[in-house]
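Enquirer: Predicted model follows, preceded by the sequence.
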Amino acid sequence: MARFIGAIDQGTTSTRFIVVDEAGEIRAVDQREHAQIYPRPGWVEHDAAEILQNARAAIAGALASARLTPGDLAAVGVTNQRETSLLWDRATGRPLHNALVWMDMRTQAAAERLAAKGAGGLLRAKTGLPPAAYFSGLKLAWLLDSLPGARGKAERGEALFGTMDSWLIWNMTGGRHVTDATNASRTQLMNLSTLDWDDELLTLFDIPRACLPEIRSSSELYGVCRDPLAGVPLAGALGDQHAALLGQACVRAGDAKNTYGTGCFLLMNTGETPRPSQSGLLTTLGYKLGAAPAVYALEGSIAIAGALIQWLRDNLGLIEKSADVEALARSVPDNGDVYFVPAFSGLYAPRWRGDARGIIAGLTRFSNKGHIARAALEAAAYQTREVMAAMSADSGVALSELKVDGGMAANDLLMQFQADILGAPVVRPHHLETTALGAAYAAGLAVGFFKGVDDIAAHWRAERRFEPGMGDVERARLVASWEKAVERSLGWSA
């Protein structure tokens with residue numbers, strides 16, 4: 001009898017494979033980084049063939065480390081970096097271009113044109129999303145218009161579009177061209193009410209339906225895998241932040257989590273009815289488990305969080321490895337009045353300012369690299385505070401606590417500062433890799449390995465709780481200085 005569930009976690013900087021047992025414990029992990037490609041300032045690409053190769057290597061590595069075979073897996077799920085967009089040839093299976101990564105800014109002018117012609121109301125009403133370079137529809141339109149012959153191939157169904165879940169599923173199952181509703185919800189081409197591609201939106205973006213994958217639920221059988229998971233049902237898929245929502249057991253309306261990864265993504269479960277935002281947040285699909293009604297969420301997306309720590313490492317050489325940032329930040333007692341606004345790809349929620357660019361404000365001769373490291377960490381917390389305030393305004397629910405996950409959540413200094421600047425407890429789970437867990441849960445639910453969402457909630461447990469210790473006056477002073485720095489970053493690229 002198969003005793004485990006597998007999950008492919010295809011992220012912005014790496015791809016990993018985990019093996020989970022029926023108690024929700026992670027029994028094996030293997031991870032492979034892939035190259036970040038920057039053809040021009042603001043452009044970010046990935047080699048999809050490299051990602052596929054890494055996924056296969058991670059699967060083999062995790063199974064080998066746990067001394068398991070594919071026959072030990074009851075099913076496998078997939079979670080992925082959302083909005084990253086790819087077009088590939090149906091006949092050859094080869095990408096027609098590098099994948100355009102979610103933070104890529106080449107479609108900013110197209111997003112501004114959409115907004116200028118009044119499409120914002122339509123997009124928000126049908127998709128819950130504003131005109132922005134972030135989402136997949138404009139990326140696909142760029143690929144169709146920029147690659148010779150691509151539009152004709154797409155119209156004939158000879159070129160296929162997909163986010164990275166579709167790419168992996170297509171390759172793993174020998175040609176099943178599907179996506180799940182959470183990933184489809186981030187294209188701006190799916191209607192949140194019907195959970196299907198919307199003809200009016202396809203016309204707006206000039207996208208041929210023939211190139212689009214079939215939209216399925218987040219938890220059902222998509223197909224049976226080939227090597228290196230020959231015979232294993234592929235039965236779950238969610239965009240990474242939706243997977244983390246499920247992996248954090250945010251299964252009741254009002255439950256919220258924040259994932260500190262390349263970016264920061266705060267989602268709140270709002271139940272079975274989409275809730276429009278009045279505060280600059282996104283209305284998005286939370287997840288759809290099989291035939292059960294769809295669950296919706298409010299989301300605040302922050303473009304740069306962990307990526308800023310990588311920038312300190314790779315571009316400035318301030319640290320040797322990302323984990324070193326906490327010790328460097330602790331070398332000073334506070335930020336020395338230094339603030340780092342990491343608007344490398346503009347500012348996402350709740351401001352949505354594509355014209356913003358990164359700045360370091362407040363530097364004096366007293367400032368040193370410790371202050372810069374501390375300011376870089378604190379930037380994630382300040383941005384999260386802004387999103388949480390908008391979420392409370394939209395939902396009418398005051399934050400009682402914030403569940404956290406992702407690589408940066410291991411940083412005690414950041415988590416304590418996050419609790420301080422929120423004025424609310426921050427709760428870190430036993431497993432930080434909740435994104436992969438969510439994909440495993442979705443696949444396990446589809447094949448009966450897990451019985452229901454109550455099973456998932458029973459598996460969740462806290463590792464540490466950070467209580468706020470900052471006074472109101474100090475919090476207000478720091479927030480006011482942060483907001484002053486943000487104002488300096490606006491309008492830079494105009």
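Expert: That came through, no problem. Being a predicted model, the structure only gives us computed values, none of them experimental.

Enquirer: From residue 127, how far off is residue 351?
Expert: 19 Å (Cβ to Cβ, to the nearest Å). Where you see a C-beta, it was placed from the backbone N, CA and C, and this is true even at glycine.

Enquirer: nope, residue 484 is what I was after
Expert: Separation of residue 484 from residue 127 (Cβ to Cβ): 34 Å.

Enquirer: Looking only at neighbour counts, state which of residue 351 and residue 127 leads.
Expert: residue 127 (26 against 17; other Cβ atoms under 10 Å).

Enquirer: Could you verify my assumption that the more buried one touches residue 201?
Expert: Yes: using Cβ atoms under 8 Å, residue 127 is in contact with residue 201, at 7.1 Å.

Enquirer: Identify the contacts common to these two.
Expert: Listed as contacting both residue 127 and residue 201 by Cβ atoms under 8 Å, 6 or more residues apart in numbering are 188, 189, 190, 191.

Enquirer: Enumerate every residue touching the third one.
Expert: If I follow you right, that is residue 190. Residue 190 makes contact with 127, 181, 184, 196, 197, 198, 201, 215, according to Cβ under 8 Å, 6+ apart.

Enquirer: can you check the first one too?
Expert: Under the criterion of Cβ under 8 Å, 6+ apart, the neighbours of residue 188 are 123, 127, 129, 135, 136, 137, 138, 201, 205.

Enquirer: ChimeraX command for the buried members of those?
Expert: The following ChimeraX line selects those of the contacts of residue 188 that are buried, judged by 16 or more other Cβ atoms under 10 Å:
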select :123,127,129,135,136,137,138,201,205
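
Enquirer: Just the helices from the stretch 201-350 of the chain, written as ranges.
Expert: Applying DSSP state H, counting those that start in this stretch to the stretch 201-350 of the chain gives helices spanning 240-247, 306-311, 325-329.

Enquirer: how about the residue of the chain most remote from its centre, secondary structure?
Expert: What lies farthest from the middle of the chain is residue 365; by Cα atoms, centre = their mean that is 37.9 Å. Under DSSP: H, G, I helix; E, B strand; the rest coil, residue 365 falls in the coil class.

Enquirer: Residue 143 contacts residue 98, correct?
Expert: No: using Cβ under 8 Å, residue 143 is not in contact with residue 98; the gap is 10.0 Å.

Enquirer: more crowded one of these two?
Expert: With neighbours defined as other Cβ under 10 Å, residue 143 and residue 98 compare such that residue 143 has more, 23 against 20.

Enquirer: Spatially nearest residue to that one (excluding sequence neighbours)?
Expert: Once flanking residues are discounted, residue 143 sits nearest to residue 87: 4.7 Å by Cβ to Cβ, 6 or more residues apart in numbering.

Enquirer: secondary structure class for that neighbour?
Expert: Residue 87 ends up strand, using three-state DSSP.

Enquirer: So what pairs up with it in the strands?
Expert: residue 161 (DSSP bridges).

Enquirer: List the contacts of it.
Expert: The contact partners of residue 87, taken as Cβ under 8 Å, 6+ apart, are 95-97, 140, 143-144, 147, 150, 154, 159-161, 211.

Enquirer: again, 10 Å this time
Expert: The contact partners of residue 87, taken as Cβ atoms under 10 Å, 6 or more residues apart in numbering, are 48, 95-97, 99-100, 139-140, 142-144, 147, 150, 153-154, 159-162, 211.

Enquirer: From these, which land in strands?
Expert: Of the positions in those, 99, 100, 159, 160, 161, 162 sit in strands, assigned by DSSP state E.

Enquirer: Can you report phi and psi for residue 78?
Expert: When read as degrees, to the nearest 10, the backbone of residue 78 gives phi -130, psi 140.

Enquirer: neighbours of it, just the number please.
Expert: Neighbourhood size, residue 78 [other Cβ under 10 Å]: 30.

Enquirer: Could you do the one 4 residues further on as well?
Expert: If you count neighbours by other Cβ under 10 Å, residue 82 ends up with 28.

Enquirer: Would you confirm that it belongs to a strand?
Expert: No: assigned with three-state DSSP, residue 82 falls outside any strand and is coil.

Enquirer: any idea how far residue 361 is from the residue nearest to it when sequence neighbours are not counted?
Expert: Spatially, and ignoring its direct neighbours in sequence, residue 82 is nearest to residue 239 (3.9 Å; Cβ to Cβ, 6+ apart). Per Cβ to Cβ, residue 239 is found 33 Å from residue 361.

Enquirer: neighbour-wise, which of those two wins?
Expert: Taking neighbours as other Cβ under 10 Å, residue 239 and residue 361 compare with residue 239 leading, 33 against 18.

Enquirer: so what's the more buried one bridging to?
Expert: Taking DSSP bridges, one finds residue 80 as the beta-bridge partners of residue 239.

Enquirer: Just to check, it is in contact with residue 79?
Expert: Yes: taking Cβ atoms under 10 Å as the definition, residue 239 is a contact partner of residue 79 at 7.0 Å.

Enquirer: Mutual contacts of these two, please.
Expert: Residues within reach of residue 239 and of residue 79 at once, by Cβ under 10 Å, 6+ apart, are 164, 165, 180, 182, 183, 218, 435, 438, 439.

Enquirer: burial of the first one, as a residue count?
Expert: The criterion is other Cβ under 10 Å. On that basis, residue 164 has 33 neighbouring residues.

Enquirer: same deal with the last one?
Expert: Residue 439 sits with 36 neighbouring residues when counted by other Cβ under 10 Å.

Enquirer: Excluding chain neighbours, what is closest to residue 279?
Expert: Among residues not flanking residue 279 along the chain, residue 390 sits closest, at 3.7 Å (Cβ to Cβ, 6+ apart).

Enquirer: tell me which element that neighbour falls in.
Expert: Element membership of residue 390 [criterion: DSSP states H and E] is helix 369-395.

Enquirer: Flag every buried residue along that helix.
Expert: 369-391, 394-395.

Enquirer: And the strands in the stretch 201-350 of the chain, which stretches?
Expert: Secondary structure of the stretch 201-350 of the chain by DSSP state E, counting those that start in this stretch: the strands cover 214-216, 219-224, 233-239, 256-260, 264-271, 282-287, 295-302, 339-341.

Enquirer: Relative to residue 55, which of these is closest?
Expert: strand 233-239 (12.2 Å; Cβ to Cβ).

Enquirer: what packs against the lowest-mean-pLDDT helix or strand in the chain?
Expert: One helix or strand of the chain scores below all others by mean pLDDT, DSSP states H and E: helix 453-459, with a mean of 85. Counting contacts by 3 or more Cβ pairs under 10 Å, 6 or more residues apart in numbering; DSSP states H and E, helix 453-459 is packed against helix 240-247, helix 434-446.

Enquirer: Run the angle between the shortest one and strand 282-287 for me.
Expert: Meaning helix 240-247. Helix 240-247 runs at 50 degrees relative to strand 282-287, counting by axes from the mean of the first three to the mean of the last three Cα atoms, to 10 degrees.
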